[in-house]
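Novice: Requesting a structural model of the entry that follows:
(2 chains)
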2 protein chains.
Amino acid sequence: MNLREYIRDVPDFPKPGVLFKDITPLLTNPDAFAFAVAELSGHYLTSGVDAIAAAEARGFLFAAPMALQLRKPLIPLRKPGKLPYTTHSFKYDLEYGSAELHVHTDAIPAGSRVLLVDDVLATGGTMAAACRLVEHAGGIVVGCAFLMELAFLNGRAQLVGREVFSLITYT
Amino acid sequence: MNLREYIRDVPDFPKPGVLFKDITPLLTNPDAFAFAVAELSGHYLTSGVDAIAAAEARGFLFAAPMALQLRKPLIPLRKPGKLPYTTHSFKYDLEYGSAELHVHTDAIPAGSRVLLVDDVLATGGTMAAACRLVEHAGGIVVGCAFLMELAFLNGRAQLVGREVFSLITYT
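Specialist: Got it, this is the predicted structure:
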């Protein structure tokens, strides 16, 4: 199945001159969505993954079915003020301003092998922060899985030394 | 399986005096998470559901695996500025201020039977808005499914005449 057929180009979003890769056509095609989740999960079947973690919101769309498919715990990484229990947090810089990800302090048993999942690898800032947060919380990052990668933004430079896997690469 | 065992009480969140029902223990227990998704999906097997819709972010956690299980399109309802294509929107009041949900204008074919999903039915404001948005976009609301319902907040009053299904009810 060619998953690119289910990614739509939307010009000038979020700002003029940017060609946004919209994943909603994939989400509304059950065969394509199921194929993508199965391919992502399949890549990590023998990686000794103990848990799946993902940052809200779009990361949840892939991480939740992957966690069920791999039958592993799902660990949500959330923005400030969203997780009710005590949290670890990691602050990181964005193009404009900064952002912060949180995880519950009891979410990751020490030494757990955690697979991180998101829909898109763009500049890599969020995924790099997610990796650091998981490590700060006591986990080991097994890999970083994406539906698609915008290689021209060179997000892998933020993930040097980490296993990175994408189903679709735009160069 | 008693799903209540996987919901944790966190006192004084998001503000003093509130006892928050935390679903993260359920997410980190694959058997409990799988059971909840199967029970929710199972309730709608014969309802003629054409699509599953959910508001970010926690709604995605249940709607994504349900969409795959029922093999139906997944329609994300998102906050302003998140969906790249043209959208319908619906603004609604919250306890403090207001919020707005968007859906792509081409997400819901006219007359589609849409199942709405969220983790928690509290005051019902978000789900009522999601229903109105789906109807505004041309869909028919088949039901509103929740992992849990905080019945003492009387959210069903916002959903009068709609099919409402919850796996856990706190009275």
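Novice: need the helices for chain A, in chain order.
Specialist: A:24-27, A:30-43, A:58-70, A:125-136 (DSSP state H).
Novice: Just say which of these is most tucked in.
Specialist: Comparing these by mean neighbour count (mean count of other CB atoms under 10 Å in any protein chain shown), helix A:58-70 comes out on top with a mean of 26. (Glycine included, C-beta is placed from N, CA and C.)
Novice: Of the helices of chain A, which is nearest residue A:94?
Specialist: Residue A:94 sits nearest to helix A:125-136 of all those, at 6.2 Å, using CB to CB.
Novice: Residue ranges in chain A under the pLDDT threshold?
Specialist: Judged against pLDDT under 70, chain A has no low-scoring part.
Novice: could I get the helices of chain A as CSV with distance to chain B?
Specialist: As requested, the helices of chain A are exported to CSV (distance: least, CB to the nearest CB, whole Å):
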stretch, distance to chain B
helix A:24-27, 4
helix A:30-43, 5
helix A:58-70, 4
helix A:125-136, 14
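Novice: Distance to residue A:105 for the ones you listed - can I get that in TSV?
Specialist: Formatted as TSV, these follow (distance: least, CB to CB, whole Å):
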stretch	distance to residue A:105
helix A:24-27	32
helix A:30-43	27
helix A:58-70	20
helix A:125-136	10
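Novice: Could you work out which of those helices reaches nearest to residue B:38?
Specialist: When the helices of chain A are ranked by distance to residue B:38, counting by CB to CB, first place goes to helix A:58-70 at 9.4 Å.
Novice: Show me how far that closest one is from its chain's centre.
Specialist: What separates the centre of helix A:58-70 from the centre of its chain is 10 Å, taken as CA atoms, centre = their mean, to the nearest Å.
Novice: Who are the packing partners of it?
Specialist: For helix A:58-70, the packing partners by 3 or more CB pairs under 8 Å, 6 or more residues apart in numbering or on different chains; DSSP states H and E come out as helix A:30-43, strand A:51-55, strand A:74-77, strand A:113-121, strand A:140-150, helix B:30-43, helix B:58-70.
Novice: Give me the nearest residue to residue A:63, chain neighbours excluded.
Specialist: Closest residue to residue A:63 apart from its sequence neighbours, by CB to CB, 6 or more residues apart in numbering or on different chains: residue A:54 at 3.4 Å.
Novice: looking at it, residue A:103 is touching residue A:133, isn't it?
Specialist: Yes - using CB atoms under 8 Å, residue A:103 is in contact with residue A:133, at 5.7 Å.
Novice: that older thread, can you report how many residues neighbour the residue nearest to residue A:63?
Specialist: The local packing of residue A:54 (other CB atoms under 10 Å in any protein chain shown) involves 29 other residues.
Novice: Okay, it and residue A:131: tell me how far apart.
Specialist: Using CB to CB, to the nearest Å, we find residue A:54 at a distance of 12 Å from residue A:131.
Novice: show me the contacts for the most centrally placed residue in chain A.
Specialist: Compute the mean C-alpha point of chain A, and by CA atoms, centre = their mean the closest residue is residue A:118, 1.9 Å away. Applying CB atoms under 8 Å, 6 or more residues apart in numbering or on different chains to residue A:118 gives the contacts A:54-55, A:58-59, A:62, A:126-127, A:130, A:144-147.
Novice: Recalculate using a threshold of 6 Å.
Specialist: For residue A:118, the contact set (CB atoms under 6 Å, 6 or more residues apart in numbering or on different chains) comprises A:59, A:127, A:146.
Novice: With residue A:48 instead?
Specialist: Residue A:48 neighbours (CB under 6 Å, 6+ apart): residue A:113.
Novice: May I have the distance across stretch A:46-54, first residue to last?
Specialist: Stretch A:46-54 has an end-to-end distance of 20 Å (CA to CA, to the nearest Å).
Novice: So which bits of chain A are right by chain B?
Specialist: Residues of chain A lying close to chain B by CB under 6 Å from any CB of the partner chain are A:10, A:13, A:20, A:22, A:24, A:27-28, A:30, A:34, A:56-57, A:60-61, A:64-65, A:68, A:71-74, A:84-85, A:104.
Novice: For the residue nearest to the centre of chain A, name its beta-bridge partners.
Specialist: Taking DSSP bridges as the rule, residue A:118 bridges to residue A:146.
Novice: how near is it to residue B:154?
Specialist: Distance check for residue A:118 against residue B:154: by CB to CB, it reads 37 Å.
Novice: With residue A:72 instead?
Specialist: Distance, residue A:72 to residue B:154, by CB to CB: 37 Å.
Novice: Please say which of the two ends up with more neighbours.
Specialist: Neighbour totals were compared for residue A:72 and residue B:154, and residue A:72 leads with 22 against 12 (other CB under 10 Å).
Novice: Let me see the contact set for the more buried one.
Specialist: Counting by CB under 6 Å, 6+ apart, residue A:72 makes contact with A:49, A:51-52, B:30.
Novice: export those residues to CSV and tack on distance to residue A:43?
Specialist: Shown next, in CSV, are the contacts of residue A:72 (distance: CB to CB, whole Å):
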residue, distance to residue A:43
A:49, 10
A:51, 16
A:52, 13
B:30, 19
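Novice: neighbour-wise, which of the residues you listed leads?
Specialist: Neighbour count (other CB under 10 Å) singles out residue A:52 as the most crowded of these, with 31 neighbours.
Novice: which other residues reach stretch A:78-92?
Specialist: For stretch A:78-92, the surrounding residues in contact (CB under 6 Å, 6+ apart) are A:56, A:98, A:100-105, A:125, A:129, A:132-133, A:136-137, B:10, B:13, B:20, B:22.
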